[in-house]
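A.B. asks: everything below, folded, please.
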Amino acid sequence: MKISLEGQVALVTGGSSGIGAGSAKALAQVGAAVAINYHSNAEPAQQLAQEIIDAGGRAIAVGADVGDEQAVERMFAETIDAFGRLDILVANSGLQRDAPSADLSLEDWNTVIQTNLTGQFLCARAAIRQFLKQGIDPERSRAAGKIIHMSSVHEVIPWAGHVNYAASKGGVSLLMKTLAQEMAEKRIRINSIAPGAIATAINEEVTGNEEGRRELLKLIPYQRVGEVEDIGNAVVWLASDLSDYVVGTTLFVDGGMCLYPGFKDNG
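C.D. replies: Alright, predicted model coming up:
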């Protein structure tokens, strides 16, 4: 069965690189118009938007710090001005500021929580307001709107040396479930994707060399590192009516990492 999101509009935060860019491309490939959010570096987002336009799609690049309430409101207004509506939010923006807990500064704690958790709330709230205003258009979708939060396997797997990141993703899990519980009766579908190890620029020093990759594969039962296309495919499915009865669920796309492979021979 072919998925089509023709006539729908998606906003992807943190969309200029990595998982965000892969998600934006995947949504455009099935017909969605895409607003590609970036924080401080416009050029990659603009290049991706042009690539989508050159392939016959519709796209814009829109700058905003997702942790800034006013910037988020402007981002949504710009998206709706460009395309007239919004049907899909992929709340993907995230960052890391890593240190052992005893050495972690309050500034780095707050920076990660502000982007990874508060930013997802601010974007979800803006999307919910727009979806409630629009209502359901059955010619487009069975739902009034779809929100896909980008979480991580570290919403359930502790990660020493990354307490701020793990806490933010644990927060995303209950943020998503609570919003889903609240908004389901309004036919707004809210779910999460929890990626495992995905080859992106942020982890190239591990995935880009043979020794690092070999060590990483010890944590992945399926014995391959994920690609951004794996996440993009999951985004498209969750955004489509094929997943219309999926509400308040985290979809783990991790090659089995959450199976705790270290216990395979020691259970």
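
A.B. asks: all contacts plus neighbour counts: C-alpha atoms, from now on.
C.D. replies: OK.

A.B. asks: contacting residues around stretch 254-267?
C.D. replies: 153, 157, 194-197, 218-226 (C-alpha atoms under 8 Å, 6 or more residues apart in numbering).

A.B. asks: what's the answer for stretch 111-129, then?
C.D. replies: For stretch 111-129, contacts defined as C-alpha under 8 Å, 6+ apart pick out 65-69, 72-73, 76, 86, 89, 91-97, 145, 147, 149, 164-165, 167-169, 171-172, 175, 188.

A.B. asks: what residues sit buried inside that stretch?
C.D. replies: Within stretch 111-129, the residues scored as buried using 16 or more other C-alpha atoms under 10 Å are 111-124, 126-128.

A.B. asks: buried among the contacts of stretch 254-267? Need that as a selection in ChimeraX.
C.D. replies: Filtering the contacts of stretch 254-267 down to the buried ones (16+ other C-alpha under 10 Å) takes a single ChimeraX command:
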select :153,194,195,196,197,219,220,221,224,225,226
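
A.B. asks: strands along the stretch 101-250 of the chain, start to end?
C.D. replies: Ranges of strands in the stretch 101-250 of the chain, per DSSP state E, counting those that start in this stretch, are 145-150, 188-195, 250-253.

A.B. asks: out of the ones you listed, nearest to K25?
C.D. replies: strand 145-150 (15.5 Å; C-alpha to C-alpha).

A.B. asks: which intervals of the stretch 151-267 of the chain have sub-threshold pLDDT?
C.D. replies: Within the stretch 151-267 of the chain, the stretches with pLDDT under 70 are 267.

A.B. asks: try 50
C.D. replies: Residues of the stretch 151-267 of the chain meeting the criterion pLDDT under 50: none.

A.B. asks: what residues does the nearest residue to R224 once chain neighbours are set aside make contact with?
C.D. replies: Leaving aside its sequence neighbours, R224 sits nearest to L217 (C-alpha to C-alpha, 6 or more residues apart in numbering; 6.6 Å). Applying C-alpha under 8 Å, 6+ apart, one finds that L217 lies in contact with 223-225.

A.B. asks: distance check, L217 against Q96.
C.D. replies: L217 is 22 Å from Q96, where distance means C-alpha to C-alpha, to the nearest Å.

A.B. asks: just T115 next, same as before
C.D. replies: The gap separating T115 from Q96 is 10 Å, by C-alpha to C-alpha.

A.B. asks: over to I53?
C.D. replies: Taken as C-alpha to C-alpha, the span from I53 to Q96 is 32 Å.

A.B. asks: now the contacts of stretch 111-129: which count as buried?
C.D. replies: By neighbour count, with 16+ other C-alpha under 10 Å, the contacts of stretch 111-129 hold 65-67, 69, 72-73, 76, 86, 89, 91-94, 96-97, 145, 147, 149, 164-165, 167-169, 171-172, 175, 188 as buried.

A.B. asks: among those residues, which are in helices?
C.D. replies: The helices, defined by DSSP state H, take in 69, 72-73, 76, 164-165, 167-169, 171-172, 175 from the buried ones among the contacts of stretch 111-129.
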